[in-house]
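Trainee: this is a predicted model, with the sequence first.
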Amino acid sequence: MQKITQTLKALSDQNRIRIIAALMEHNELCACQLTELLGIAGATVSRHLGILHNAELVQFRKEGRWVFYRLGKGIEYSQQLLDWIHEKAITSKELQQDREQLRTILSCDPEEICRKQRNDSCCSN
């Protein structure tokens, strides 16, 4: 019962659903790409990712200073719920906009995205 509650709580936020939807479309995204997509502070994105990680909905790997996220092993437990989210995401205008924005984000070097987030430079759109 606790696992069900934890999963539902983890998915009870629009930004966390956006993260899950993005990771369903793309196998792996770095934290800076997710921050760019959501357009919120990196610390807030980190908090959302922590909640998803604790619910085993995402997992991460570190590569140097980069942290990459992908769907976690808890996804299997929640597969029907995530299938439903994916089905709804196809028709969601907000998530369609996210998919389009992710194409632009993924065309940029992650270094450029990090510089943009630090206001040093900008990734061309």
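Mentor: Structure's in. What do you need? No experiment lies behind these values; they were computed from the predicted model shown.

Trainee: residues in contact with the helix or strand where Gln59 lies: which ones?
Mentor: Gln59 is located in strand 58-63, with elements delineated by DSSP states H and E. Contacts with strand 58-63, where a contact means C-beta atoms under 8 Å, 6 or more residues apart in numbering, come from 19-20, 23, 49, 52-53, 67-73. All C-beta atoms are positioned from the backbone trio N, CA, C, and that covers glycine.

Trainee: secondary structure for those residues - can I get that in CSV?
Mentor: Output for these, formatted as CSV (DSSP: H, G, I helix; E, B strand; the rest coil):
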residue, secondary structure
Ile19, helix
Ile20, helix
Leu23, helix
Leu49, helix
Leu52, helix
His53, helix
Val67, strand
Phe68, strand
Tyr69, strand
Arg70, strand
Leu71, strand
Gly72, coil
Lys73, coil
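
Trainee: list buried members of those by neighbour count.
Mentor: With burial judged by 16 or more other C-beta atoms under 10 Å, the buried subset of these is 19-20, 23, 49, 52-53, 68-69, 71-72.

Trainee: and those residues, which two are the farthest apart?
Mentor: Ile20 and Phe68 (15.4 Å; C-beta to C-beta).

Trainee: which of the residues in stretch 40-52 are buried?
Mentor: For stretch 40-52, burial by neighbour count (16+ other C-beta under 10 Å) applies to 42, 45, 48-49, 51-52.

Trainee: so what's the closest residue to Leu23 other than its chain neighbours up against?
Mentor: Distances taken as C-beta to C-beta, 6 or more residues apart in numbering place Leu71 nearest to Leu23, at 5.1 Å, with adjacent residues excluded. Shown in contact with Leu71 (C-beta under 8 Å, 6+ apart): 20, 23-24, 57-59.

Trainee: ok, the residue most central in space within the chain - contacts?
Mentor: The residue lying closest to the centre of the chain (C-alpha atoms, centre = their mean) is Ile19, at 2.6 Å. By C-beta under 8 Å, 6+ apart, the contact list for Ile19 reads 34, 38, 48-49, 52, 58, 69.

Trainee: next: Asp98.
Mentor: Going by C-beta under 8 Å, 6+ apart, Asp98 touches 18, 21-22, 37.
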